[in-house]
Structures are given as C-alpha cells and as structure tokens.
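>>> Give me a model of this one.
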Amino acid sequence: MPQQLNDEILAYLEEATILELNDLVKAIEEKFDVTAAAPVAVAAAGDAGEAAGPSEVTVTLTDVGASKVKVIKAVREITGLGLVDAKGLVDKAPAPIKEKISPEEAAKIKEQLEAAGASVEVK
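Purely as a prediction, here's the structure:
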C-alpha cells in the first residue's frame, strides 16, 4: 500500500467518531468474514454466562440537561416517535427510551443522547 494512502487512512481513523469506527469495524467483519474481538480465555464453564454480561438492556433517560430541544430531537430519531410523543417521553425523565435491546445498540443510543446533552443509564 502506498505510504500516502496509509497516511490518509490513519488520519481518517484519528478524526472518526466512535460510531463511525464501530460501523467501519462491522463492515470489515462482514466483508472479510472475520471478528475484531480479542480472544478471551474462560476460567470455568459456569462463569461464561456471567462474564458475557447481559444480552438485553434498557436505556433510560435520567436527566434532560440544558438542551431539551436537542434531546427531544435525538429521542425522535432513536424511537421514531412524533414530536408530541417524544416531548412527552422527555418530560417524564427518568424514563426508559428503549427496552430489551442489545448492549451494542444501547451504547450507540447512549452516545447519541449524551451528545445532545442528556444523562443516560444503561441496565
């Protein structure tokens, strides 16, 4: 690979957001049928389920913060709700935004809501 291309790729990676990097990793995994996860040794078969963490979590909006309009827009985008319903959900904080979702999806939602200025809890 030419050094200039190498430098451009590294520059992109330095500037990319976590979501962009996550999407890139997923695309590479799918394209080349590989896994980016590091191998992990399991101490005992009984501990395997506990070590993996929950398979489903809930994202809860705990505090709206100073920028309520941004949070309402983010909630609309995340949930697909209309303006009135999204505002109602935000007004009820603390309130669950999405339930029984993967931890990966929850991490993206948390990042999106925190970028809008909200406080979020994932359980």
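>>> can you map out the strands along this protein?
In the chain, the strands defined using DSSP state E lie at 57-63, 95-101, 119-122.
>>> most neighbours per residue, which of these?
Highest mean neighbour count among the strands of the chain (mean count of other Cβ atoms under 10 Å): strand 57-63, with a mean of 18. In this view, the C-beta of every residue, glycine as well, is placed from N, C-alpha and C.
>>> How about the contacts made by the residue nearest the centre of the chain?
What sits nearest the mean C-alpha location of the chain, by Cα atoms, centre = their mean, is residue 108, with 1.4 Å. The neighbours of residue 108, taking Cβ atoms under 8 Å, 6 or more residues apart in numbering as the test, are 19, 22.
>>> From residue 35, how far off is it?
19 Å (Cβ to Cβ, to the nearest Å).
>>> so how far is residue 101 from residue 112?
In terms of Cβ to Cβ, residue 112 sits 13 Å off from residue 101.
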